[in-house]
Every structure is written in C-alpha cells, then in structure tokens.
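In: Sequence isn't available, so here's the structure alone:
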C-alpha cells in the first residue's frame, strides 16, 4: 500500500502522467489534436486550476503555431475548462467548493440513470467489452499506472452511458463530466481512495452482468458522491 499526494505524485509508485509534449502533433485536424492534448494536461494536473496559459511556451511545447493553439483554447472555453481573459490571455478554470458539489451531485444522478437504462438495453457484446476494459484497468492499478487506469476507467463509464441509448442523457453527461475530469483523476492520488474505487468498480461490473439496474444505479451514485467527498476534503486540506 502506498499513500500519494498531489505534490508528491512523482515520488511515489504511481507513475507521473506522460503528456507526450516532446511529440509534434500531426497537421491533420490540428486544433482538435491540440485541444485533446491540453485537455489531458488539465486532467492530469500538468496545468493546474487557476494557472495562466503562456501561449509562447505552449506553442513551443506542443510544436504548433499560435493559430491552432488559439482555436483549441476557444473550444476549451466553450467546454468551460479554461477562461479567456480580455487582453490577458487564458487561464485554467478554478471551481469553487459549491461548483464542485453541485456538479458532482448532478453527475451522480446522470450516471445512476445511465446505469439503470444500460441494464435494460445493453448487449452481451458491450458487457464483454466493458469486462475487457475492467481487466486492463485492474492491470494498470496493479502496476501503479494512474494515467492508464484513469483512461480505462473513463472508457468504462462512457460505455455504460452509451449503452443507455439516450442521446440527450449522453450529451448532458459529457458536458458535466468534462468539467470534473481533473478532479476525478486526482481523487485517486491517495492509495486508499484508489483501492476503494477499484472495489466499487468490481461491484458495478457484477451488477451489470446481473442486469440489476437498481443496484448499478445506486453503486454509480455512491461512487460519484464518494469522489466528491474526497475532492472536497482534499481541497480543505490544501487550503
């Protein structure tokens, strides 16, 4: 067992995220690629809440000109991951405690509903795919690969949401979830909380196999609200 804090993440068994900043981005759909890279950097804490974004440094780091970078920043502003400041560039959004609580409360309800509907509408092939993702996620956890774990984790949640077969639900879910990705990622930086999250996913997978919508809905709601409590507790400690 190991305890991990945000400030000490690089000194622990949890491997630091590979942001791939040394790699140049393909010119195809360049601003979308830049947006994806910046979103990952925000999620994994390379760009922290409240951080001012230096365009020159980011262009050099990502190997792009300012035009695709600025297009990417505009799109991330629409997602409310960054703020565009008149004549002062851009910065990563910093959510207040009430913003965090409200967003997690909403997201937990959306995920619970998705779980209930998924158990009614999911195919066996989709369950098998989620089972494979879970196995990969468990391997990442065993290897201390938090970045790989989180990627599989989010793909599992996305697959459950897609299996609900409700585009309006999925659209709302994606919008809210995008704002909480960085907080969800950092909620696993403490080993005990990470272990708990893994155990909760085992129970969720069992309910999905049993197509028990009520149970899966409860588990998803509890899973999200537990993360919310962890995030808010860490915020108080940091303050």
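Out: Received it, and whenever you're ready, just let me know what you need. Quantities reported herein were computed from a predicted structural model and do not represent experimental measurements. Numbering: from 1, shown residues only.
In: In contact with the spatially most central residue of the chain, which residues?
Out: With distances taken as CA atoms, centre = their mean, residue 181 lies nearest the centre of the chain, 3.0 Å away. Taking CB atoms under 8 Å, 6 or more residues apart in numbering as the criterion, residue 181 is in contact with 39, 42-43, 154. Placement of C-beta: from N, CA and C, glycine included.
In: tell me the domain ranges of this protein?
Out: With domains defined by the TED database, the chain comprises 28-92, 97-238.
In: Just name the most buried of these.
Out: Ranked by mean neighbour count under mean count of other CB atoms under 10 Å, the domains of the chain are led by domain 97-238, which reaches a mean of 18.
In: What mean pLDDT does it get?
Out: Taken as a whole, domain 97-238 has a mean pLDDT of 95.
In: Residue 159 and residue 126 touch, don't they?
Out: Yes: assessed by CB atoms under 8 Å, residue 159 is found in contact with residue 126 at 6.5 Å.
In: just to revisit the earlier point, now the residue nearest to the centre of the chain, what's its secondary structure?
Out: helix (DSSP: H, G, I helix; E, B strand; the rest coil).
In: That one and residue 206: what is the separation?
Out: According to CB to CB, to the nearest Å, residue 181 and residue 206 sit 26 Å apart.
In: same deal with residue 122?
Out: 14 Å.
In: which stretches of this protein form helices?
Out: Taking DSSP state H to define them, one finds helices in the chain at 30-43, 55-62, 66-78, 97-121, 124-142, 146-163, 167-186, 191-209, 213-238.
In: Ok, which of those comes nearest residue 85?
Out: helix 66-78 (10.2 Å; CB to CB).
In: what's next to that closest one, contact-wise?
Out: Outside helix 66-78, the residues within contact range by CB under 8 Å, 6+ apart are 30-32, 34-35, 38-39, 42, 53, 55, 58-59, 62, 82-84, 90.
In: Tell me the confidence at the residue located most distally from the centre of the chain?
Out: Centroid-distance maximum for the chain: residue 87 at 30.3 Å, with CA atoms, centre = their mean. What the model reports as pLDDT for residue 87 is 83.
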